[in-house]
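Visitor: this one's structure only:
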């Protein structure tokens, strides 16, 4: 008889979190163990579909969808905060919303004369929106201890179930969850500041990250069709606004303000192994969202690899396609990359860096690269056919804008080696590599052996770059360009 796996359950939603204060409310927290203010809302992951194995046709159960991350709202702009931490991995403010992962599909394993089909993987949940509005001071002294950390991440999609049998179908997956919007507003007030002392400890870190796509299930049997990977989730808008005071870091790889919106990578296509086999294609990447910084504060960093302000939008890369084999073997195509979003920096504050490889201000947008096409191998008597998969298309970089605020000029200063004053950069993603092919046939009579390679994917274009800067730029170290504006395909 027919065997069917049960479906996985749905992941639960993360709850919403709100903190607010009035004009006369001050808040002082000194944390010697962990973070000073921690806001986490994590959704549950979907359940895995049940496996199916029987004497007849077998169908794996579908995975369950991931839950949605809750929202976080911290509205303390009218209050005065004084937060400090002293331990490693202890953030001053730690705000995170994560979507739940999608459940994997169950495998379907039929007999040699029956059908086997894997269960479909479920999509993941999106991360929730974050809004942080604060006034006052934050300081941390440990390593990996950001003063203000705000992140929304979409969940990762599940993997499609594999199928085996006389006719075998590997299952696909649903798209990944998007990262939620992230908005951070910080004001120094009368005498506030943000400072970190440890390595890998940014002053402000704001990120919207789309989840990764799920992998397609493989197929194996006499005839096999593999599942395709699913699309990565999109990044959403990430914004930082600062007013007054100073933002300073002392450690290695400690950026003053880091803002990123990034799409997730597409899932890999499933492989296939059968007499007649067709591989699954890779999923497309998720789009990078808008990333913006408006800075009216003084920013200083003192060590290597510690940029003053870093603004980035990245399109997700396409998923690769897995290899196939058989007498007739057709490889799947790589997934297409996604577009990078707009990256904008508006600045009036003085920015100074002292370390090597520490740019004062860096804004860029990158399109996602195409995924690699599948390799295909065919061996048969008296004929064989192998067709390689095409590489995915790279996508375009987004616009990059450097804007002035008002008429006053901003001073950008670097003293280290390979430390540029201002970089504005848009780059298109590269095309994916084509899949290789091998076809071999042997017979005492005339035989036919055909091998057709795939095509490489086209690359994306660089986006428009605009620099409207009023002020001074000073670089003292070697290999340290003052202003670099580049658009590259």
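Guide: Here it is on my side, so go on. All figures in this text were calculated on a predicted structure; none of them were measured in a lab.
Visitor: Pull the contacting residues for the spatially closest residue to residue 391 that is not a sequence neighbour.
Guide: Leaving out its chain neighbours, the residue that sits closest to residue 391 by Cβ to Cβ, 6 or more residues apart in numbering is residue 432, at 3.1 Å. C-beta here means a position set from N, CA and C on the backbone, and glycine is covered the same way. Each residue near residue 432 by Cβ atoms under 8 Å, 6 or more residues apart in numbering is listed here: 318, 320, 334-335, 369-373, 390-394, 456-457.
Visitor: change it to 6 Å
Guide: Shown in contact with residue 432 (Cβ atoms under 6 Å, 6 or more residues apart in numbering): 334, 370-372, 391-392, 457.
Visitor: Then residue 59?
Guide: 4, 52, 108, 117.
Visitor: Just the buried residues from those, in PyMOL please.
Guide: A single PyMOL command selects the buried members of those (16 or more other Cβ atoms under 10 Å):
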select buried, resi 4+52+108+117
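Visitor: Filter the contacts of residue 59 down to just the ones in strands.
Guide: 4, 52, 108, 117 (DSSP state E).
Visitor: Take the residues you listed and lay them out in a markdown table including pLDDT and distance to residue 263.
Guide: Below are these laid out as a markdown table (pLDDT from 0 to 100; distance: Cβ to Cβ, whole Å):
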| residue | pLDDT | distance to residue 263 |
| --- | --- | --- |
| 4 | 90 | 35 |
| 52 | 91 | 34 |
| 108 | 90 | 31 |
| 117 | 91 | 30 |
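Visitor: Could you list the low-pLDDT ranges of the protein?
Guide: 1, 112, 407, 444, 446 (pLDDT under 70).
Visitor: buried stuff in the longest strand anywhere in the chain?
Guide: In the chain, taking DSSP E as the definition, the longest strand is strand 72-85. By neighbour count on 16+ other Cβ under 10 Å, the buried set for strand 72-85 is 72-74, 76-77, 79-81, 83-85.
Visitor: quick one: contacts of that strand?
Guide: So strand 72-85 is contacted by 17-21, 23, 25-31, 36, 39, 92, 95, 97, 130-140, 145, 189 (Cβ under 6 Å, 6+ apart).
Visitor: so how far is it off the chain centroid?
Guide: With Cα atoms, centre = their mean, to the nearest Å as the basis, strand 72-85 stands 28 Å off its chain's centre.
Visitor: For that strand, which strands pair with it and how are they oriented?
Guide: In the sheet, strand 72-85 lines up against strand 17-20 (parallel), strand 26-31 (parallel), strand 130-140 (parallel) (DSSP bridges).
Visitor: who's in contact with the second one?
Guide: So the one you mean is strand 26-31. Contacts for strand 26-31 (Cβ under 6 Å, 6+ apart): 36, 80-85.
Visitor: a markdown table please, covering those residues and showing distance to residue 410.
Guide: As requested, those are exported to a markdown table (distance: Cβ to Cβ, whole Å):
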| residue | distance to residue 410 |
| --- | --- |
| 36 | 31 |
| 80 | 27 |
| 81 | 27 |
| 82 | 28 |
| 83 | 28 |
| 84 | 29 |
| 85 | 31 |
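Visitor: Widest-spaced pair of these?
Guide: Taking Cβ to Cβ as the measure, the contacts of strand 26-31 span a maximum distance of 18.0 Å, between 80 and 85.
Visitor: Pick the most buried one from the strands paired with strand 72-85.
Guide: strand 130-140 (a mean of 24; mean count of other Cβ atoms under 10 Å).
Visitor: So what are the sheet partners of the next helix or strand after that one and their directions?
Guide: Using DSSP states H and E, the helix or strand that follows strand 130-140 in sequence is strand 148-153. Strand pairing for strand 148-153, determined by DSSP bridges: strand 93-98 (parallel), strand 204-209 (parallel).
Visitor: Show me what the helix or strand following strand 148-153 is packed against.
Guide: Downstream of strand 148-153, the first helix or strand assigned by DSSP H and E is strand 163-169. If you count contacts as 3 or more Cβ pairs under 6 Å, 6 or more residues apart in numbering; DSSP states H and E, strand 163-169 packs onto strand 115-117, strand 219-225.
Visitor: Show residues contacting the first one.
Guide: It stands for strand 115-117. So strand 115-117 is contacted by 57-59, 108-110, 163-165, 167-169 (Cβ under 6 Å, 6+ apart).
Visitor: and with 7 Å instead?
Guide: Identification of contacts with strand 115-117 by Cβ atoms under 7 Å, 6 or more residues apart in numbering yields 57-60, 108-110, 163-169, 171, 221.
Visitor: Kindly indicate which of those residues lies nearest residue 345.
Guide: For those, the nearest to residue 345 is residue 171 (43.9 Å; Cβ to Cβ).
Visitor: Work out the gap between stretch 34-43 and the centre of the chain.
Guide: 21 Å.
Visitor: what about that stretch, how long is it end to end?
Guide: Terminal residues of stretch 34-43 lie 22 Å apart, using Cα to Cα, to the nearest Å.
Visitor: Show me which positions of that stretch end up buried.
Guide: Here stretch 34-43 shows 35-37, 39, 41-43 as buried, counting by 16+ other Cβ under 10 Å.
Visitor: For residue 193, state which of those is nearest.
Guide: When the buried residues of stretch 34-43 are compared against residue 193 (criterion: Cβ to Cβ), the nearest one is residue 36, at 14.9 Å.
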